[in-house]
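**Q** my questions concern the predicted model and sequence given below.
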Protein chains: 2
Amino acid sequence: MSEVSECAVERETEHDQLLFDVFAQRCPSRATLEHLTGRWGVLAMAALHDGTFRFNELRRRVHGVSEKMLAQTLQALERDGFVHREAQHTIPPKVEYSLTDRGKRTAALLVELIHDVEAQMPDVIAANQRYDAAKNG
Amino acid sequence: MSEVSECAVERETEHDQLLFDVFAQRCPSRATLEHLTGRWGVLAMAALHDGTFRFNELRRRVHGVSEKMLAQTLQALERDGFVHREAQHTIPPKVEYSLTDRGKRTAALLVELIHDVEAQMPDVIAANQRYDAAKNG
DNA sequence: AGACTGCACTAACTTTTAGAAAGTGCAACC
DNA sequence: GGTTGCACTTTCTAAAAGTTAGTGCAGTCT
């Protein structure tokens, strides 16, 4: 009954490319996409698009993120190779986060999305009001 | 102690534009961004980028989404004016979902992101293995 | 000198959210 | 006449997010 979709990671096409599909439930691309588009993933990537930052600098940039979630988010992004982490084992510790080349490419897309959303906000707020009025009216 | 950042929605710049900032904790743009980038938001938008679909058609396209979450996601996207909902009050009911013009623009960016991620997956998987090896080695 | 803050986290606990399962009411299909 | 499909909502449980506290040492403030 409960069918679980998989992507054909293992199979190769005639063009020697692997097939990944975010619409397939168990495709690893879905997890990666979530790391990038999760609540804090987008913001961390966009913040790092502006340069290299220390852990607590990022925390101050991304208002509202907890230490736990920022650490968790950065670890996932580092594991996926979007973020580079460089730690100096001094006291107090100094850890610098930056984007990898691959991360920079993807971050550019996310920044574009953010700007698009910010620019649309007046329309979004108007749409919200229309929707709520239609419901309660 | 706990400072909460707000965006200057109310203030206007000299160019007569409103200021929205997703990095500010209480800026409404952050909620909107989350509707789009949330786990199911991206996939719903990308699915609708291919055309008009009924509720259960979407559910079959976006593998793994529950009815509850799909309904919730579509309602948020409709309220924000990204998605258009057209219901025929027949029995059985027929409800068709499609993207608004604004939604189409934003969906294009999300689809671009998805393709970028899918294309990077071989590198991501390699990065995962390197990360795990470095940790357990 | 002694208290306080900052550094980059992790661990334990609580609250919020997501997901799973069942219910709705009717009609077409077998 | 039993099953399935339609588009949801409601209830309950499992998972995720958020909150708080702790680490160990060095600078800053008083």
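**A** All right, it came through fine.

**Q** shouldn't A:Phe82 be in contact with A:Asp101?
**A** No - when contacts are counted by Cβ atoms under 8 Å, A:Phe82 is not listed as touching A:Asp101 (9.9 Å). C-beta here means a position set from N, CA and C on the backbone, and glycine is covered the same way.

**Q** can you spell out which helices and strands pack onto the host helix or strand of A:Glu86?
**A** Using DSSP states H and E, A:Glu86 falls within strand A:83-88. Judged by 3 or more Cβ pairs under 8 Å, 6 or more residues apart in numbering or on different chains; DSSP states H and E, the packing partners of strand A:83-88 are helix A:41-48, helix A:67-79, strand A:94-99.

**Q** got the ones you listed as TSV, with mean neighbour count and distance to B:Ile91 columns?
**A** Listed next are the helices and strands packed on strand A:83-88 as TSV, based on neighbours: other Cβ atoms under 10 Å in any protein chain shown; distance: least, Cβ to Cβ, whole Å:
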stretch	mean neighbour count	distance to B:Ile91
helix A:41-48	25	42
helix A:67-79	17	46
strand A:94-99	17	54
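
**Q** neighbours around A:Arg101, how many?
**A** Not Arg; residue A:101 is Asp. 9 (other Cβ atoms under 10 Å in any protein chain shown).

**Q** against A:His84, how distant is it?
**A** Separation of A:Asp101 from A:His84 (Cβ to Cβ, to the nearest Å): 10 Å.

**Q** likewise A:Met45?
**A** Distance from A:Met45 to A:His84, by Cβ to Cβ: 13 Å.

**Q** now do the shared contacts for the two.
**A** A:Leu99, A:Gly103 (Cβ atoms under 8 Å, 6 or more residues apart in numbering or on different chains).

**Q** any idea of the pLDDT on A:Ala134?
**A** pLDDT recorded at A:Ala134 is 91.

**Q** which element is it on?
**A** helix A:101-136.

**Q** how about that helix, does it get close to DNA strand D?
**A** No - Helix A:101-136 does not reach DNA strand D (Cβ under 7 Å from any atom of the strand); its nearest approach is 10.5 Å.

**Q** going by contacts, tell me the helices and strands next to that helix.
**A** Going by 3+ Cβ pairs under 8 Å, 6+ apart, helix A:101-136 lies up against helix A:41-48, helix B:28-37, helix B:67-79, helix B:101-136.

**Q** buried stuff in it?
**A** Neighbour counts over helix A:101-136 (16 or more other Cβ atoms under 10 Å in any protein chain shown) mark A:102-103, A:106-107, A:109-111, A:113-114, A:116-118, A:120-121, A:124-125, A:127-128 as buried.

**Q** off-centre distance for it?
**A** Here helix A:101-136 is found 15 Å from its chain centre; the criterion is Cα atoms, centre = their mean, to the nearest Å.

**Q** nearest the geometric middle of chain A, what residue?
**A** A:Leu36 (1.9 Å; Cα atoms, centre = their mean).

**Q** roughly how far apart are the closest residue to A:Arg61 other than its chain neighbours and B:Ala87?
**A** Closest residue in space to A:Arg61, ignoring its immediate chain neighbours: A:Ala47 at 4.6 Å, by Cβ to Cβ, 6 or more residues apart in numbering or on different chains. Shown here: A:Ala47 relative to B:Ala87, a distance of 41 Å by Cβ to Cβ.

**Q** right, and A:Tyr131 touches B:Ala76 too?
**A** No - using Cβ under 8 Å, A:Tyr131 makes no contact with B:Ala76, being 10.0 Å away.

**Q** same list (the helices and strands packed on strand A:83-88) but as JSON lines, adding distance to DNA strand C and mean pLDDT.
**A** Below are these laid out as JSON lines (distance: least, Cβ to the nearest atom of the strand, whole Å; pLDDT from 0 to 100):
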{"stretch": "helix A:41-48", "distance to DNA strand C": "12", "mean pLDDT": "98"}
{"stretch": "helix A:67-79", "distance to DNA strand C": "4", "mean pLDDT": "97"}
{"stretch": "strand A:94-99", "distance to DNA strand C": "4", "mean pLDDT": "97"}
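
**Q** which one of those lies closest to A:Cys7?
**A** Taking Cβ to Cβ, helix A:67-79 is the member of these nearest to A:Cys7, at 19.8 Å.

**Q** show me what from chain A comes close to DNA strand C.
**A** Counting by Cβ under 7 Å from any atom of the strand, chain A sits next to DNA strand C at A:2, A:54-57, A:67-68, A:71, A:75, A:85, A:87, A:92-95.
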